[in-house]
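S.K.: fold the following and give me the result.
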Amino acid sequence: MVSGCDVTNPGPVQQQFLADPASQPALVEGAARMVAEALSNVSYTSALVSREMFPGGQTGSLGHDVRTQAGYVEPGSFGGHFGDVVQARFIGEAALDIFSDLEVPADPDLVAGANVWTGFAQRLIGENWCEMVVTGADGSPGSLQSSAGAFTAAESNFTAALGSGSTNSNLINAARAGRAQVRVWLGDWSGAASDAGMITDNSWSFDSNMDPLDTSTRNQIYFSNSDDPYRAFTMLYTYYGGNNGHAALGPQFMGYYEASGDPRVKLQHAPGTPLYTNAGLQAYGQVIYLNSLRYGGEDADIRLASGAEMRLIEAEAALNTGGDFAGAMATIDALRGSITSDNGGTLGRLTGLPDPTNVATAMSYLMRERGIELWGEGRRWGDQRRWMTGGLGGDQQLADFESTSASSIFTTASVAPEQSICFDIPDSERDANPNVPTVS
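M.R.: Predicted structure coming up:
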C-alpha cells in the first residue's frame, strides 16, 4: 500500500536537462555556492597558519589539530577543503561546456557569471595549494602539476567573462578585479595595474555569499569565535592584537588596532572578567580571548575582490615595474587617508618603519597594508608564499608569537623551516588517482 509520504528518488538529473534554460541559472549558482563553502573553510584554516589569528587550543568542533595550530599542515590532509575548490571549478567548467554547445546562446550574464566563479575557484587553488590535479579532457585521471596553471586558467576565465557581452557592471568589475589578482601571480604587472585602474570606487566589492542555513556555507571565522558557544582562537599575540600585559615571555608590544583604531581589523575584549578561549595551549595554559569584529554574523559575506585591494595592486605594480617607491607610498597613504579611525581622525601613514627611501622599505609597508586590508579573506597565506619566492625584499613582519612560547609545538624562528606554505594534495585524491603518488 502506498501512502502519501512515499517518495521515489529520481536519481541524478539527466545531462540533457542541464541545458534547459530553466536549469542554466542553477549551474552558475552551484559554482558560486561551492566557492562560498571553499572560501569559508580555507579562510579560517589559512588564518591560523599565516598568523592572522592565534590558536586557542581548540581541537574539537570548529577547532584544528595541534600541528595545524602551530603552522604545520600534515601531508595528505584537508581533503574537504580540496574537494570544495575542485567541485567549484568542475561545476563552473561544466556549465561553460554546456553553454558552449547550446543552439540558442545562453544569457550573457550567465556566461559571465560561470566564468567569474570558475576564475575565483581557480584563484583559490593557485593561492592555497602548491600543486593541482587537472582531469583529462576525456575524463581520465590527471597528474600532479604546479598550481601556477590555475592562475593561467583563471586569467582565461576572467577574460572570457569580459568578452561575454554581459552588461552587468558588478560581474564586469569582478572579472577585471579577478584578472588583476591573478596577473599579479603571473608577473604581468602592467596588465594587473591596467585592470585594477578600471575600478575606481574603493568601496566596491565582490562578495561570496555566506548562508547560515547551511553549516557548510556559514562564515566559519565568525562562528568559530562567536562566544556562543565557541571561542576557538584569539587575536592576542598577533600583530593586530598585541600582547601588552599578557606575554610571560618575549617582548611586549601594542597591538595595531589599539594603536591605530583601524576599523578594518576591529577587536574587542569581552566585558567584565577576562574570558579565555575554549581550550588550553601547551606552555601558555588558558589563552585570553580577544575577539575580531571583522565579521558580524554567520551570514557575513567574505570579499573575493575589492576596490581597495585594486589600489594596493597598483602600488605593488609601481614597485615592480619602475621601482617607484614614492608613487607606491602615495597610493598607500591615500587609501589609509580615506579611512576614519575608531580613535578619531583618519589613519594616516603606518608607523614603525622609516620613511621609504628605497623599494624594499616601501614593500614592507605594502605587505603590511595588504595584511590589514585583506584580513580574514583567505589571502594572507598565499601572499606570504608569493613574497617568499618572488618579492622585492623588505620585511614581511610576520607575528613572532613562537618566541613567546616554551612549547615544543612552536619553534624559535618567525618562519620555521617546518611551517607549511600551502595545502597538500589530500590522501583522498592520492588514493583514488593512480597518477598521484601517496605520501607516508
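S.K.: distance of the residue sitting nearest the centre point of the chain from Gly280?
M.R.: The centroid of the chain falls nearest to Gly378 when counting by C-alpha atoms, centre = their mean (1.6 Å). Here Gly378 is placed at a distance of 27 Å from Gly280 (C-beta to C-beta, to the nearest Å). The C-beta positions use only the backbone N, C-alpha and C, and glycine is treated the same way.
S.K.: the stretch 201-350 of the chain: strands as residue ranges?
M.R.: Using DSSP state E, counting those that start in this stretch, the strands of the stretch 201-350 of the chain run over residues 205-208, 233-234, 267-269, 276-281, 285-288, 290-292, 302-306.
S.K.: of all these, which lies closest to Arg176?
M.R.: Among the strands of the stretch 201-350 of the chain, strand 302-306 comes nearest to Arg176, with 8.7 Å by C-beta to C-beta.
S.K.: so what touches the closest one?
M.R.: Outside strand 302-306, the residues within contact range by C-beta atoms under 8 Å, 6 or more residues apart in numbering are 35-36, 39-40, 43, 120, 173-174, 177-178, 181, 202, 204-208, 210, 219, 295, 373-374, 376-378.
S.K.: among these, which ones are buried?
M.R.: Among the contacts of strand 302-306, those classed as buried by 16 or more other C-beta atoms under 10 Å are 35-36, 39-40, 43, 120, 173-174, 177-178, 181, 202, 204-208, 210, 219, 295, 373-374, 376-378.
S.K.: ranking the strands of the stretch 201-350 of the chain by burial, who's on top?
M.R.: Among the strands of the stretch 201-350 of the chain, strand 233-234 has the highest mean neighbour count (mean count of other C-beta atoms under 10 Å), at a mean of 28.
S.K.: adjacent strands (with direction) for it?
M.R.: strand 54-55 (antiparallel) (DSSP bridges).
S.K.: how is this structure divided into domains?
M.R.: With domains defined by automatic domain parsing, the chain comprises 16-212+420-432, 226-292, 304-403.
S.K.: Gly307 is in contact with Thr200, isn't it?
M.R.: Yes: here Gly307 reaches Thr200: they are 7.2 Å apart, a contact under C-beta atoms under 8 Å.
S.K.: these two - which one has more neighbours?
M.R.: Shown here are Gly307 and Thr200; by other C-beta atoms under 10 Å, Gly307 has more neighbours (18 against 10).
S.K.: which residues of this structure score low on pLDDT?
M.R.: The model of the chain has pLDDT under 70 over residues 1-20, 22, 137, 247-250, 270-273, 283, 398-418, 440.
S.K.: and the longest helix for it?
M.R.: Longest helix in the chain by number of residues (criterion: DSSP state H): helix 24-49.
S.K.: report the buried residues of that helix.
M.R.: By neighbour count on 16+ other C-beta under 10 Å, the buried set for helix 24-49 is 24, 27-49.
S.K.: next: stretch 341-349.
M.R.: The neighbour-count check on stretch 341-349 (16+ other C-beta under 10 Å) flags Ser341, Leu347 as buried.
S.K.: for that stretch, which outside residues touch it?
M.R.: With contacts defined as C-beta under 8 Å, 6+ apart, stretch 341-349 is touched by 260-263, 266, 329, 332-333, 336-340.
S.K.: cool, and stretch 174-190?
M.R.: So stretch 174-190 is in contact with 112, 115-116, 119-120, 122-123, 126-127, 148, 151-152, 154-155, 157-159, 161-162, 191-193, 195-196, 198-199, 206, 304-307, 309-310, 313, 316-317, 320-321, 386, 390, going by C-beta under 8 Å, 6+ apart.
S.K.: mind redoing it with 7 Å?
M.R.: For stretch 174-190, the external contacting residues (C-beta atoms under 7 Å, 6 or more residues apart in numbering) are 112, 116, 119-120, 123, 126, 151-152, 154-155, 158-159, 161-162, 191-192, 195-196, 198-199, 206, 305, 310, 313, 316-317, 320-321, 386.
S.K.: about what we covered before: gap between the residue nearest to the centre of the chain and Ala32?
M.R.: Gly378 sits 16 Å away from Ala32, taking C-beta to C-beta as the criterion.
S.K.: list the buried residues of stretch 62-79.
M.R.: If you call a residue buried by 16+ other C-beta under 10 Å, then stretch 62-79 has these buried ones: 62-64, 68-73, 76-79.
S.K.: gap between the two ends of it?
M.R.: Start-to-end span of stretch 62-79 (C-alpha to C-alpha, to the nearest Å) is 16 Å.
S.K.: how far is it from where the chain is centred?
M.R.: Chain-centre distance of stretch 62-79: 17 Å, with C-alpha atoms, centre = their mean, to the nearest Å.
S.K.: could you do stretch 69-80 as well?
M.R.: 16 Å.
S.K.: same question for stretch 185-202.
M.R.: On the basis of C-alpha atoms, centre = their mean, stretch 185-202 sits 19 Å off its chain's mean C-alpha point.
S.K.: what's the nearest residue to His87 if we skip its chain neighbours?
M.R.: No His there; residue 87 is Gln. Counting by C-beta to C-beta, 6 or more residues apart in numbering, Met34 is the residue found nearest to Gln87 once chain neighbours are left out, at 4.8 Å.
S.K.: quick one: contacts for the closest residue in space to Glu258 that isn't next to it in sequence?
M.R.: Leaving out its chain neighbours, the residue that sits closest to Glu258 by C-beta to C-beta, 6+ apart is Gly242, at 6.2 Å. Neighbour list for Gly242: Phe253, Met254, Gly255, Glu258 [criterion: C-beta under 7 Å, 6+ apart].
S.K.: ditto for Ser147
M.R.: Neighbour list for Ser147: Ile125, Gly126, Trp129, Cys130, Glu131, Met132 [criterion: C-beta under 7 Å, 6+ apart].
S.K.: mind running it again at 10 Å?
M.R.: 122, 125-133, 185, 382, 422-423, 425 (C-beta atoms under 10 Å, 6 or more residues apart in numbering).
S.K.: quick check, Asp109 in a helix?
M.R.: Yes: if the criterion is DSSP: H, G, I helix; E, B strand; the rest coil, then Asp109 is within a helix.
S.K.: could you report the neighbour count for it?
M.R.: A count of nearby residues for Asp109, using other C-beta under 10 Å, gives 18.
S.K.: for it, give me its contacts.
M.R.: Asp109 is in contact with Pro25, Val28, Ala161, Ser164, Gly165, Ser166, Thr167, Asn168, Asn170, Leu171, counting by C-beta under 10 Å, 6+ apart.
S.K.: appreciated, that's everything.
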